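A.B. asks: here is my input; please provide its structure:
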Amino acid sequence: MKKVLLIIVAVCFIFSLQAQKYAVKNSQNLKLKQIQVKNDNDVIIPFLPVNKPSAAHNKAVEGILIGTSVNAYTAIYDPNYQIDYNPELNMLMHTHRAGGQWGGSGGDLRCKISLDGGDTWTDSVVFLQQGNNRYRYPNGIIYNPAGNTNINDAYILVNGPITDGAGWNYMYFDSKKKDETNAVINQIPPINTNQLERINLSGGNGNFYVGSLKTNSANSWYESWYLRKLVFDTNTNGFDINTVFNKTRNWKMRQFSNATIEWWFCWNNVFDTDGESGYAWCFGAEQEFDPYNNTSTPLVWGTWNGGQDWIQANASGCWHTLSNLTDFIWPVRQSLIEYPNNPEMWEYRPFFEGGSSIDDNYSPGIIDYQGNLHFLAIVSGRYSNHPDSLGYSYANHPTYLFDVYTTGWDPINNTYTWDVQFVDTIHSQVVSDDASPYVGQDGGMGWEHMLNISASPDKKVIFAIWTDTDPQFDTINTLPDIKVRAFNFENWTATPVINFTEGEGGLYFWINTPHYVIKDGNDYIIPLSYIDVYETGNPDVAQKHYFAKNLRITPNDFTETISPSTITGSCFTQASINKYNHSLKVEQNNPNPAKNNTQIAITLPEASDVTITISNMMGQNVMEINKGKLNAGKNIINVNVSSLQSGVYFYTVKANNATVTKKMIVE
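C.D. replies: The predicted structure is shown next:
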């Protein structure tokens, strides 16, 4: 019986491969078929679908048509923030190219607006192409000036590249009010010729940012990374776009192995709502420190003053000792070169897959309520990272998705401290261009897992959002479902993985979510847009943009308890190890930057002896405050910094045996 079963499984596997090839060529609507194999366990083995499920199948979520584009090339660029949400105004906006049944030229932009949580989309803000300069690949942000409560006085900022049909000659940073008055057109050449400037348009308080890279095509090293700061000018009611910061580095990125990555962008950045603090990161190596591109761990920079100054952190950190990571990735035998006397010892070598053929995403990020960076990343184990290595990771390693986040700053080692939370195992592969059933004049248009990350308006809950095919349908991501997992980092609870479209054979492509989700009472609603490519089967023709209605997460969904990693070995100093005692809560000092006085709020799990030590960038202690024994609960500590010179400092709160360090700016 076992031999018969194995033969049948093999036949089914061969047939499934043929079916998958057929699916690329056939546009008929055929239902999923199954063959039932009788054995002791009554195993049911599904065939792969030769195409999408019947057009009459029931969708698990209601899709609301919110706009049409002339073709699909409005949403192919990662990361792309087409949908934005402003909690102050309860205002949703989706930005896309025009065209299709709702009219307009493919060179125009439409910003569709909803004021009722996505149920209706009745308003539009329109940006018409200027002469022969056609808008492409848009980002859209809602800017609400401080104190404004009038919807019509909110500003719409759009950003992206412009083409005249011959090249990428200009970038646009255009804006107007919601009522379409006060239009300001800013269309200028990019910082680097033919290099698009748009990596995670983010920020707040009138300050927004985009990034750009200068490449050296001769050796595949990035020579420089540029940050453009957009500052809202109340005199012109538009954005001043002339502030550019440059970091000259030599960054080596892995060679991309499929054509779905087109723009040579790997660096990502995100700025907080204060408009001043932010991070930039990528996966790769720096020529000065890692000439063989051995680690592929994150390269991370942080700024606290709007990009004028940056701190580079050694992000290699302690990845190999974080239990939340090593519980999943595979260990490898230690190097005979590094450990000649211990050939049978094993070690962990985490490998971040971003930008590879396994995961061609760009690991989007968000900043939480404590100022920590979170980004989604696929992490595996690497079997070799030596100079003679070809740079491979495990070929058959499970594809694991993690929320990777900073936990504080270690002033002794001058680095961020890190941890991870496991999100899910991804079952499907990316769809390369040549394997895509979505074929136009220039061939197939592939896609990946569309990683998205958002936060609650108070930034205490982080939402990991992605697409993944139900394994009973397919192992290639041709029928992606919407999946979400939420983490509450205030009370250390999480939801299980929620598949909002389970069992239907999902049809949700190029999903996009904003930086912040909607808070509806005690519930969270995830705003999400998508395209159903199977409606046309051709990316060259007009496409429909949908809003997925009522992707709701309730307090009852947070049924799981999460915890920080345990750390083994002598990777960190004892002080930084204690940072993982998350029962001590230390908030960012306020105000920050501080001029004369600032306050630090701490929450104690029990009555504790509390001291605060302030150190400078050189690690020298410049102030110590002994508060004695404080009661359990929240305590506010006043700190006078008038005696300190302007600059960056670190304050370390010690309560019994727990310590937390945060960064403070003194003006």
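A.B. asks: name the helices or strands packed onto the helix or strand containing Thr661?
C.D. replies: Using DSSP states H and E, Thr661 maps to strand 658-666. With contacts defined as 3 or more C-beta pairs under 8 Å, 6 or more residues apart in numbering; DSSP states H and E, strand 658-666 has these neighbours: strand 399-410, helix 574-577, strand 585-586, strand 647-655. Using the backbone N, CA and C atoms, a C-beta is placed for each residue, glycine as well.
A.B. asks: quick one: average pLDDT of it?
C.D. replies: Mean pLDDT, strand 658-666: 83.
A.B. asks: one more: stretch 595-610?
C.D. replies: Stretch 595-610 carries an average pLDDT of 88.
A.B. asks: next helix or strand past the helix or strand where Val158 lies?
C.D. replies: When elements are assigned from DSSP H and E, Val158 belongs to strand 155-163. Scanning forward in sequence from strand 155-163 by DSSP H and E, the next helix or strand is strand 168-177.
A.B. asks: now find how far off-centre that following strand is within its chain.
C.D. replies: Centroid separation between strand 168-177 and its chain, computed with C-alpha atoms, centre = their mean, to the nearest Å, is 24 Å.
A.B. asks: got the domain ranges for this structure?
C.D. replies: Domains of the chain are assigned by automatic domain parsing as 2-46, 81-197, 577-666.
A.B. asks: now the longest one, how far from the chain's geometric center?
C.D. replies: What it means is domain 81-197. Offset of domain 81-197 from its chain centre (C-alpha atoms, centre = their mean): 21 Å.
A.B. asks: and the helix or strand that contains Ile614, how far from the chain's centre?
C.D. replies: According to DSSP H and E, Ile614 maps onto strand 608-616. Strand 608-616 has its C-alpha centroid displaced from the chain centroid by 34 Å (C-alpha atoms, centre = their mean).
A.B. asks: okay, the angle between that strand and strand 658-666?
C.D. replies: For strand 608-616 against strand 658-666, the angle by axes from the mean of the first three to the mean of the last three C-alpha atoms, to 10 degrees is 40 degrees.
A.B. asks: quick one on the thing from earlier: figure out which of the domains of the chain is closest to Asp419.
C.D. replies: domain 577-666 (7.0 Å; C-beta to C-beta).
A.B. asks: helix/strand/coil for His320?
C.D. replies: Following DSSP: H, G, I helix; E, B strand; the rest coil, the label given to His320 is helix.
A.B. asks: do I have it right that it meets Tyr348?
C.D. replies: Yes - using C-beta atoms under 8 Å, His320 makes contact with Tyr348 at a distance of 4.1 Å.
A.B. asks: of those two, who's got more company?
C.D. replies: Neighbours were counted for His320 and for Tyr348 using other C-beta atoms under 10 Å; His320 has more, 19 against 16.
A.B. asks: about what we covered before: looking at the helices and strands packed on strand 658-666, which one has the lowest mean pLDDT?
C.D. replies: Mean pLDDT is lowest for helix 574-577 out of the helices and strands packed on strand 658-666, coming in at a mean of 38.
A.B. asks: contacts only, for Phe375.
C.D. replies: By C-beta atoms under 8 Å, 6 or more residues apart in numbering, the residues touching Phe375 are Asn268, Trp281, Pro298, Ser363, Pro364, Gly365, Ile366, Asp403, Val404, Tyr405, Ile453.
A.B. asks: what's the burial count for Asp458?
C.D. replies: Quick note: Asp458 (other C-beta under 10 Å) scores 12 neighbours.
A.B. asks: so who does it touch?
C.D. replies: Taking C-beta under 8 Å, 6+ apart, one finds Tyr369, Lys519 in contact with Asp458.
A.B. asks: got phi/psi on it?
C.D. replies: For Asp458, the backbone dihedrals are phi -90, psi 0 (criterion: degrees, to the nearest 10).
A.B. asks: look up how far Val517 lies from it.
C.D. replies: Distance from Asp458 to Val517, counting by C-beta to C-beta, to the nearest Å: 11 Å.
A.B. asks: do the same with Leu230
C.D. replies: Noted for Leu230: a distance of 24 Å to Val517, by C-beta to C-beta.
A.B. asks: equivalent analysis for Gln130, please.
C.D. replies: When distance is defined by C-beta to C-beta, Gln130 is 34 Å away from Val517.
A.B. asks: same thing with Glu347?
C.D. replies: Per C-beta to C-beta, Glu347 is found 39 Å from Val517.
A.B. asks: comparing these two, which residue is more hemmed in?
C.D. replies: Shown here are Glu347 and Val517; by other C-beta under 10 Å, Val517 has more neighbours (26 against 15).
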